[in-house]
Structure formats: structure tokens, C-alpha cells
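J.: Build me a model from this:
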Amino acid sequence: MSEQRPRRAACPGSFDPVQLGHLDVIGRASTLYDEVVVAVLVNESKVGLFTVDERIEMLTEVTATYPNVSVRKFRGLLVDFCRANDIPVVIKGLRVASDFDYELQMAQMNWGLAGVETLFMPTSPQFSFVSSSLIKDVAKWGGDVTPHVPDTVATRLREKLAKPRD
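T.: Got it, this is the predicted structure:
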């Protein structure tokens, strides 16, 4: 009898910052797969609010309750990362129909390049309007983002966006 390989999936993104919609998808994926790798994109052409290392720290902290979830960074093509790590499937969260339009093209390209499958997972309804960009914008103007991000992320947002007093 041959030994069965563990079922592995990647949840990719920039996670700048991680928010509860991301954790919803990651947590649900962790119940479907033996191993889930949260793949944090390193994009040198884009400056994020948080460094890649800060994002990895936050993700590692907030996914610690999932023993089968790990966090890694990658550069370049997601399919190359998947191939190098023996990951046959990517899980993408969808909030609204426009997410599907964009993600379908990416999924088809990933399949064509490397045979990497994509599983689309709708986010839970309470997270359908939450995005990292919106969270950063609200936090920048002093709005309360605590219902949408883990506590550690809310604290780091406040620290990062604190304006010096005149």
C-alpha cells in the first residue's frame, strides 16, 4: 500500500493587514486540508503599510490556534511557490461578484501555467464588505476597526498610524 501524500493548500495574499475575512477563509481551509500555507506576497514594486516581516509576525500570531497552518513569504509567481512546496491547490476568498471576475482569470492562468487548481471560497456574510484597504483608510482617520481585525492588528494599526502631536 502506497503512502498517501498530505493534502496541502495555499492561501495567498498581501495581508496588509490581515483582517477577519482572511482568517475566516484560512480557518475554514484548515478544516478541509491537512496543511494550509498562508503565502505572503513580497511585492518590491508596492510599498505596504506593514513590512512583509510585520505581516508574517501578525499572521503567525493570529493563526497560532490552527496547528496545520504555517505562514511563508514568496516572490514571483504563485504557481512557482506552489510547485516548489508541493502545493496543488490555491484557496481564494471571494467577497463580491467582482472578486470572481478577477480571480477566475488568475485561476485559469495558474492552471495553464502549472496545473495548480483554485478553490473559490465565499467569505462569511459578515465579512463580505471588509477589505484591508478599507480597514487602513478607516484606521488612518481614527475610525474603530476593532470589529474587523484581530486585537493585535488593531493595536499595530494604531501604533503605525499614530500622528505626532503638534
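
J.: In this structure residue 18 contacts residue 56, no?
T.: No: Residue 18 is beyond contact range of residue 56, at 9.9 Å (criterion: C-beta atoms under 8 Å). For the C-beta atoms, the positions are set from N, CA and C on the backbone; glycine is no exception.

J.: From the contact counts, what lies against the lengthiest helix in the chain?
T.: Counting residues, the longest helix found in the chain (DSSP state H) is helix 97-114. When contacts are defined as 3 or more C-beta pairs under 8 Å, 6 or more residues apart in numbering; DSSP states H and E, helix 97-114 packs onto helix 78-84, strand 89-94, strand 117-122.

J.: Tell me, what's the model's pLDDT at the residue nearest the centre of the chain?
T.: Centroid-nearest residue in the chain, with C-alpha atoms, centre = their mean: residue 13, separated by 4.1 Å. Per-residue pLDDT puts residue 13 at 95.

J.: ok, now which ones touch it?
T.: By C-beta atoms under 8 Å, 6 or more residues apart in numbering, residue 13 lies in contact with 22, 38, 39, 40, 41.

J.: Looking at these, state which has the most neighbours.
T.: Highest neighbour count within the contacts of residue 13: residue 38, with 28 neighbours (other C-beta atoms under 10 Å).

J.: ok but it is inside a strand, no?
T.: Yes: under DSSP: H, G, I helix; E, B strand; the rest coil, residue 38 sits within a strand.

J.: any idea how far residue 58 is from the closest residue to it other than its chain neighbours?
T.: In this structure, residue 38 finds its nearest non-sequential neighbour in residue 71, 4.5 Å apart by C-beta to C-beta, 6 or more residues apart in numbering. Using C-beta to C-beta, to the nearest Å, we find residue 71 at a distance of 9 Å from residue 58.

J.: Would you mark the buried spots in the longest helix of the chain?
T.: For helix 97-114, burial by neighbour count (16 or more other C-beta atoms under 10 Å) applies to 99, 103, 107, 110.

J.: picking that back up, the helix or strand hosting the residue nearest to residue 38 pairs with which strands, and in what direction?
T.: Here residue 71, judged by DSSP states H and E, is contained in strand 69-74. Paired with strand 69-74 in the same sheet, following DSSP bridges, are strand 35-41 (parallel).

J.: Residue 89 bridge partners, please.
T.: residue 9, residue 117.

J.: show me what contacts it?
T.: Counting by C-beta under 8 Å, 6+ apart, residue 89 has contacts 8, 9, 10, 33, 116, 117, 118, 119.
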